[in-house]
Structure formats: structure tokens, C-alpha cells
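Engineer: Provide a 3D model corresponding to the input given below.
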Amino acid sequence: MLAKTFGSAVYGVDAQLITIETSIGDGTKFFIVGLPDSAVKESQQRVEAAIKYNDYYMPRNGMVVNMAPADLKKEGAAYDLPIALTTLEASGQIQTDILQQYLIMGELALDGSIRPIKGALPMAIAARNEGLKGFILPKSNANEAGIVNQLEVIGVDHLKDAINHLCGHKTIPPTRIETREIFVNESTLFQDDFSQVQGQENVKRGLEIAAAGGHNLIMIGPPGAGKTMLAKRLPSILPPLNLREALETTKIHSVAGRLKSDARLIATRPFRAPHHSISDTALVGGGTIPQAGEISLAHNGILFLDELPEFKRTALEVMRQPLEERKVNISRAKLSVNFPSNFMLIASMNPCPCGYFNHPEKECVCNPNLRHRYLNKISGPLLDRIDLHVEVTPVNFEQLTSEQLEEKSDRIRERVMLAREIQHQRFEDFPEIHNNAMMTSTLVRKYCKIDHDGKQLIKSAMEKLGLSGRAFDRILKVSRTVADLAHSENIKVEHLSEAIQYRSLDRSMWTD
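Structural biologist: The predicted model follows:
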């Protein structure tokens, strides 16, 4: 006999339907065909143990499990459940007419209980797009897949639960998630707020500009000045995710297996802060089986690199292309995968190895050559791609103990969102451009025009700082954002002047 159902394989952040057919006929051997990996081949032992534990029998006839299309690699243990169910139907132990209407995925324990899987959300999207009735999957993944409407999402804890549902013995109600309600309730929930930060007005201003234009930013200052604390509060002033961005972000985290068991929808912008010992592959993505790296997990959010010079130079250099193209392409001999990586890079660093160069009270013990070597750990091309360089100075005792109320994140976010709305209208004819930081050189020339005085100012700055052509574009983009925050149609000299002051790492003062 022949039984058929559907599974799914995830490539990159998208899923593809896999047809799973089980045939029982002559012979005594068991075969799984269709380019399975070792974990899929080992399903025979898990499936047999689970079937026997639940008072069914494993057929001893010749048995073939075919997974089509046959030229795509099938990986992981999540095909256990569909193989078990098609085996039971093909051997006549269960009778159901709806097996072919479902996408079924789940890893079996030896007693028949079902373990969680990765990539439930893109699988659910693929099932709906292919017109299937529903998706049977581990109950711990049901909330995640339940985000997708127009699809029956059936969460099961055990092999018998799936059998009872398919055979009509005990129907399991579909998991329903009110996506929009969750999105509205959770999109502005933050524990950290800028009102908790005393002083540091220049850094707050820099972060506001970065948030308003989607710009990359680096903070340079001594240990304990508050660089990490300020970076952690940046998500609280960014515009909330829209529903499309939230689904995009959730899908990436789903594929990476980073969602919690009760997770439904990521409604706030991600904040990723990897340790400086991270490998190139873990940061950017890759591996034998291509997986998303930290820069993709930060998609639509923030990647925070604390102590930037301590990161391996090779790891930092491989970020250069994703920073420009906002995606990562990972190529293998038989597979090419794209991961989105539209993130804001926020970095921090000390001004020298000891950390106290330019400190108002503590003396630096580093000589100029040592400081120069330390700063040179960050390459010029990477530094060019960081729009704002902000110096962070220690907060004095009077500021720390001040009872003056600082501005709340909500008010800063309002200004940021007004500036983003101006940019939305500006780029409505360019669907790939969402903020000033994403402008191409052509758009910079179109929307960042400056008058004669402005040209003289930026010419002088370029000569004194030795700026590159890319840095020139970055200054214009930042000045455009400053003008948007001021609701100015034209870029004025004061806007340009403020943008130029955020190129502090281009100055020789750090190595003198």
C-alpha cells in the first residue's frame, strides 16, 4: 500500500514543501530515499521504537520512504512524525482520508512524545501558500505557527494525539493567535528608558539622530562612562516594527531556533550583543548547513558590538558588504542562500588600551604608537561605513545625583517618528529605501543639496580630516536627517556643521 503526506524543508529563511510517500511491498529491507542526511536516515529506529511503544507494529515487509523533490537535501529529525503516520496508514493500522491535506512535522521520542522543531513559522507560511488545510506540529511550536491565518494549526504532544485527530477519534481545536492584538500590546514595551540616564546630552542627541535616519553609530569613551547603558536604551526610541517587519523578524528567529516555547510574534526590534570572541561564521552566518548569523538575527533591529577593537579583524571585515547591501549571500557547491541583514550597527570602544586617553581626571599610560595600533584594529573602510562617531565623557557626581527629570524615551520617539514619516514620503517611489541611511549616491545628490556656504564648510572639513568620498556621502546623509528632525526642507549650514562634528574618529586628536 501507499500513503502520502507533506513535510517541509527550510532553506535560508523560506520553506519548501516536501512530499513524503511511504510504500510497503515485497522484500524485507527499509529504505529512505530523496537525499536524506544521517539524522533523517536514523528516523527508522526512532519511528520503530515509538510505534511499538504505543501498541502498533513496524512492518517487516519491504518498505520505501520517498522524499521529493529528490535533488534537495533533507536534514534533521523533524521528519519522524510524517514518516510514522504514513507508515501506519500504508500498513493499514490507521484509516484516514485527510493525511494528504496536512503538512506534518515533529521529532519523535522513543515513547512517542513529540519534541520541538525549528522553522515552524516559514513552514506554516509555505503550507498556506500551497493551499493545504492545516499544519500538525509539536504543541510547543503551535503559538509560533498560529500567527499564520487561513491555516489550521494543530499542536500535538504525542504520536497518539496526531493519530486520534487524523482518524476523527478526538479532534484537536486549531491554535488561534490574535496577531494584531499582540502586536499592538507588545510593540512599545521596554524596560529601559532614557529618562533613567543622567547627563550625556550629546550622546543622547547622537542616538536620536541615528534612530531618526537609521544610521550606524560608534561611541568612544573611557570604561564606565555609560556606553553600553545608552546603547541598550536605543530600541526604546526607534519607531515600532510594522506587522510585515515583525513577521520577517520572527521568521528569522524561528529558523534559527531562537524563539521561546511560548513565543508568538516578535513585536519589538531585536537587540543583539554578541561577545567579542565570536567567530566570523557566527557573526555573519554560514556553516556546512547555512545558518543565520548575528547580523541576520539583528534584522530590523540593532547589532551592538561592545569593545569593537577586541573583535577579530576578519569578523569585522566580512560585515562590510552586508552593511552596504543589507543582505548576506552564502554560497555552497549545491546551494545559495540569502539571509536579510538590514540592521543598525551600534559599536563602542575605549580611546586606547588603558581606556583613559582624554579622561578629565585619570592619566593615560599609553604612548601614541600604542594608541595608534589600537585604533588601527578598526579598518578605514569599516569606519567609513559608520555614520556617527560620538565621544562619551564620564558623568560627574553632581549630574549623577541630580534629581532633575530627564526626557523620557516616548518624547524622543515622537520626534524620531516624525522624521521617519518625512523620509517615508520622500522615498515612497523607492520601495527598497526606507530611511536616509539607505540612500544611494544618486538619491544623495537629489535630496541632499547644499548651498555655497555649505559646500565651503564641507570642503574645509574634508581637507582637514582627510575624508573619503564615502565619508562625504555619510555626512550628507546625516545632515539630511538633522534637517528632518528640525522639519527643514533644505540642509542648512548648522545641520551640516552638526553632521561634521560626528566624525571624531577621523581626527588626529586620538593618536597625538
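Engineer: Glu144 is in contact with Leu259, isn't it?
Structural biologist: Yes: if you go by C-beta atoms under 8 Å, Glu144 and Leu259 touch, sitting 5.8 Å apart. Yep, even glycine has a C-beta here, placed from its N, CA and C like the rest.
Engineer: low-confidence ranges in this structure?
Structural biologist: By pLDDT under 70, the low-scoring segments of the chain are 182-189, 261-263, 333, 397, 399-401, 506-512.
Engineer: ok, Glu144 and Leu259, which is more surrounded?
Structural biologist: Neighbours per residue (other C-beta atoms under 10 Å) separate Glu144 from Leu259, with Glu144 holding more: 32 against 22.
Engineer: can you get me a residue count around the nearest residue to Gln101 once chain neighbours are set aside?
Structural biologist: Spatial nearest neighbour of Gln101, excluding adjacent residues (C-beta to C-beta, 6 or more residues apart in numbering): Lys133 at 3.9 Å. Using other C-beta under 10 Å, Lys133 is surrounded by 14 other residues.
Engineer: follow-up on the earlier one: any shared contact partners between Glu144 and Leu259?
Structural biologist: Thr250 (C-beta atoms under 8 Å, 6 or more residues apart in numbering).
Engineer: ok, the residue nearest to Gln101 touching Tyr102?
Structural biologist: Yes: with contacts counted by C-beta under 8 Å, Lys133 reaches Tyr102, the gap being 6.2 Å.
Engineer: next, count neighbours for the nearest residue in space to Asp71 that is not next to it in sequence.
Structural biologist: In space, and not counting its chain neighbours, Asp71 is closest to Leu35: 6.7 Å by C-beta to C-beta, 6+ apart. Residues lying near Leu35 (other C-beta under 10 Å) number 16.
Engineer: for Leu35, which residues are in contact?
Structural biologist: Met67, Ala70, Asp71, Leu72, Lys73, Lys74.
Engineer: measure it to Gln44 for me?
Structural biologist: Here the criterion is C-beta to C-beta, to the nearest Å. By it, Leu35 lies 16 Å from Gln44.
Engineer: does Lys327 touch Pro340 like I think?
Structural biologist: Yes: in this structure, Lys327 is within contact of Pro340 by C-beta under 8 Å, at 5.4 Å.
Engineer: okay, those two: which has more neighbours?
Structural biologist: Remark: of Lys327 and Pro340, Pro340 carries more neighbours, 20 against 15, as counted by other C-beta under 10 Å.
Engineer: how near is that one to Glu248?
Structural biologist: 7 Å.
Engineer: any common contacting residues for the two?
Structural biologist: Shared contacts of Pro340 and Glu248, counting by C-beta under 8 Å, 6+ apart, come down to His299.
Engineer: grab the nearest non-local neighbour of Pro270.
Structural biologist: Gly301 (3.5 Å).
Engineer: and that neighbour, backbone torsions?
Structural biologist: Phi and psi for Gly301, reported as degrees, to the nearest 10, are phi -140, psi -140.
Engineer: and it, how many neighbours does it have?
Structural biologist: 22.
Engineer: is it true that it touches Arg272?
Structural biologist: Yes: contact criterion C-beta under 8 Å: Gly301 and Arg272 qualify, at 7.1 Å.
Engineer: which neighbours do the two have in common?
Structural biologist: With contacts taken as C-beta under 8 Å, 6+ apart, Gly301 and Arg272 have Phe343 as neighbours in common.
Engineer: what does stretch 344-351 contact?
Structural biologist: 210-211, 214-223, 227-228, 231, 234, 301-309, 319, 323, 357-358, 371, 378, 385-386, 392, 437, 510.
Engineer: try stretch 416-429
Structural biologist: Outside stretch 416-429, the residues within contact range by C-beta under 8 Å, 6+ apart are 208, 211-213, 237-239, 433-436, 443, 447, 481, 484-485, 487.
Engineer: give me the subset of those residues lying in strands.
Structural biologist: Using DSSP state E, no member of these sits in strands.
Engineer: give me the buried subset of these.
Structural biologist: 208, 211-213, 237-239, 433-436, 443, 447, 481, 484-485 (16 or more other C-beta atoms under 10 Å).
Engineer: counting only helices, which of those residues make the cut?
Structural biologist: Judged by DSSP state H, the subset of the buried ones among the contacts of stretch 416-429 located in helices is Glu208, Ala211, Ala212, Gly213, Leu443, Tyr447, Thr481, Asp484, Leu485.
Engineer: return the member of these nearest to Tyr502.
Structural biologist: Thr481 (10.7 Å; C-beta to C-beta).
Engineer: how many other residues sit next to the closest residue in space to Ala210 that isn't next to it in sequence?
Structural biologist: Nearest residue to Ala210, sequence neighbours excluded (C-beta to C-beta, 6+ apart): Leu217, at 4.3 Å. For Leu217, the count of nearby residues is 25 (other C-beta under 10 Å).
Engineer: who's in contact with Leu217?
Structural biologist: Contacts of Leu217 (C-beta under 8 Å, 6+ apart): Gly206, Leu207, Ala210, Met344, Leu345, Ile346, Ala347, Ile386, Asp387, Leu388, His389, Val390.
Engineer: for the longest strand belonging to the chain, enumerate the helices and strands it packs against.
Structural biologist: When the chain is scanned for its longest strand (criterion: DSSP E), the result is strand 14-25. Where contact means 3 or more C-beta pairs under 8 Å, 6 or more residues apart in numbering; DSSP states H and E, strand 14-25 is packed against strand 2-11, strand 62-68, helix 80-90, helix 120-129.
Engineer: how does it look with 10 Å?
Structural biologist: Applying 3 or more C-beta pairs under 10 Å, 6 or more residues apart in numbering; DSSP states H and E, one finds that strand 14-25 contacts strand 2-11, strand 30-33, strand 62-68, helix 80-90, strand 102-104, helix 120-129, helix 243-255.
Engineer: just checking: what are the partner strands of that strand?
Structural biologist: strand 2-11 (antiparallel), strand 62-68 (antiparallel) (DSSP bridges).
Engineer: list the buried ones in the last one?
Structural biologist: For strand 62-68, the neighbour count (16+ other C-beta under 10 Å) marks Met63, Val64, Val65, Asn66, Met67 as buried.
Engineer: related to what we said a few turns ago, now for Lys133 and Tyr102: what residues contact both?
Structural biologist: Ala127, Glu152, Ile154 (C-beta atoms under 10 Å, 6 or more residues apart in numbering).
Engineer: what about the first one, distance to Val148?
Structural biologist: When C-beta to C-beta is the yardstick, Ala127 and Val148 sit 8 Å from each other.
Engineer: who's more crowded, these two?
Structural biologist: Ala127 (28 against 22).
Engineer: in this structure Phe194 contacts Arg415, no?
Structural biologist: No: with contact defined as C-beta atoms under 10 Å, Phe194 does not reach Arg415; the gap is 12.0 Å.
Engineer: so what sits against both of the two?
Structural biologist: Common neighbours of Phe194 and Arg415 (C-beta under 10 Å, 6+ apart) are Glu208, Ile237, Glu407.
Engineer: among the residues you listed, which one sits closest to Ala3?
Structural biologist: When these are ranked by distance to Ala3 (C-beta to C-beta), Ile237 comes first, at 55.0 Å.
Engineer: my guess is that closest one contacts Ala210, does it?
Structural biologist: Yes: using C-beta under 10 Å, Ile237 makes contact with Ala210 at a distance of 9.4 Å.
Engineer: quick one, phi psi at the nearest residue to Leu505 once chain neighbours are set aside?
Structural biologist: Distance criterion C-beta to C-beta, 6+ apart; nearest residue to Leu505, sequence neighbours excluded, is His389 at 4.4 Å. Dihedral pair for His389: phi -110, psi 120, per degrees, to the nearest 10.
Engineer: tally of neighbours for His389?
Structural biologist: Every residue meeting other C-beta under 10 Å relative to His389 is counted, giving 20.
Engineer: where along the stretch 201-350 of the chain do the helices fall?
Structural biologist: Secondary structure of the stretch 201-350 of the chain by DSSP state H, counting those that start in this stretch: the helices cover 201-213, 227-232, 243-255, 280-284, 294-297, 313-317, 320-325.
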